[in-house]
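Student: give the three-dimensional model of this entry:
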Amino acid sequence: MLWHLLWITLIVVTYDLYRYYHEDDSYDYSPVETDTSDNNQKESNMEETISTRQLALNTIEHIGSEPKYTEEGYIQFEYQGVIFLMETANDCMFVNLIWAWCYSFSKFDIDEFARVRQVVNDINMRGLVSVFYSITDSDDVAIHIKKNFLFVPQIPNLEEYLKLMLDTFFRTARTLDIEVEKCRLQE
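Tutor: Now for the predicted structure:
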């Protein structure tokens, strides 16, 4: 078994060395035709230099929301009457979008906790978003929805892309309500 691994490693290293020393500099593979005009060059340089945080702020404004910063450093904005939080970093191409408190119930209601736990596990198995709950200082258990997704200027129609991501939150909250009610009726 060890000899097989050594042979495979030797073949891979040999192939990489061969490619490194025998690359043809005149061959430039590009699956998409590009226009090398000055305007496109300036736009691509602008897209490369914009930070993820600035891109998020611009996109949130384009969908008709007003972004604000929270004390924790999140971007807070309202969309269709719901307050969302977005966590961004300038050196990361992914963002975290959070809908806090999309559902809540009393922590003393054990039956409701069992229903919600079952529904949250079912939703998380689908993998579209992450649904989790936290116990607060008051007598409530809060349900939150979170999604991590790619957010770069190369995505076409970035505003519609963000709206699509936000739509998954609304669908998940609706599914949560419906499935909890189904569990309640089955009892």
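
Student: and the helix or strand harbouring residue 169, average pLDDT?
Tutor: Using DSSP states H and E, residue 169 maps to helix 158-186. Averaging pLDDT along helix 158-186 yields 95.

Student: show me what it is packed up against.
Tutor: With contacts taken as 3 or more CB pairs under 8 Å, 6 or more residues apart in numbering; DSSP states H and E, helix 158-186 sits against helix 52-62, strand 82-87, strand 94-106, helix 110-126, strand 140-150. Using the backbone N, CA and C atoms, a C-beta is placed for each residue, glycine as well.

Student: pull out the buried positions in the second one.
Tutor: In terms of neighbour count (16 or more other CB atoms under 10 Å), strand 82-87 has its buried residues at 84-87.

Student: pull out the buried residues from the helix holding residue 169.
Tutor: 158, 162, 165-166, 169, 172-173, 175-176, 179-180, 183.

Student: need the residues you listed in CSV (columns: distance to residue 150).
Tutor: Formatted as CSV, those follow (distance: CB to CB, whole Å):
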residue, distance to residue 150
158, 11
162, 11
165, 10
166, 15
169, 17
172, 19
173, 23
175, 24
176, 25
179, 28
180, 31
183, 34
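
Student: columns distance to residue 14 on top of the helices and strands packed on helix 158-186, output as CSV?
Tutor: Listed next are those as CSV, based on distance: least, CB to CB, whole Å:
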stretch, distance to residue 14
helix 52-62, 40
strand 82-87, 45
strand 94-106, 36
helix 110-126, 44
strand 140-150, 35
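
Student: so for residue 71, which of those sits nearest?
Tutor: For residue 71, the closest of the helices and strands packed on helix 158-186 is strand 82-87, at 11.7 Å, according to CB to CB.

Student: sheet partners, orientation included, of the closest one?
Tutor: Here strand 82-87 is paired, per DSSP bridges, with strand 75-79 (antiparallel), strand 94-106 (antiparallel).

Student: so for the longest one, mean pLDDT?
Tutor: In this model, strand 94-106 has a mean pLDDT of 93.

Student: please renumber the chain so that the first residue is 419 from this point on.
Tutor: Yep, numbering from 419; the last one is strand 512-524 now.

Student: which parts of it are buried?
Tutor: Buried residues in strand 512-524, defined by neighbour count with 16+ other CB under 10 Å: 513-518, 520-523.

Student: equivalent analysis for the first one, please.
Tutor: Of all the residues in strand 493-497, those buried under the rule 16+ other CB under 10 Å are 493-495, 497.

Student: greatest separation within these: which pair is it?
Tutor: Greatest spacing in these, by CB to CB: 493 and 497 (11.9 Å).

Student: what about the closest residue to residue 548 other than its chain neighbours, how many residues nearby?
Tutor: Once flanking residues are discounted, residue 548 sits nearest to residue 564: 4.7 Å by CB to CB, 6 or more residues apart in numbering. Number of residues near residue 564 (other CB atoms under 10 Å) recorded here: 16.

Student: ok, residue 564 - contacts?
Tutor: For residue 564, the contact set (CB atoms under 8 Å, 6 or more residues apart in numbering) comprises 514-517, 547-550.
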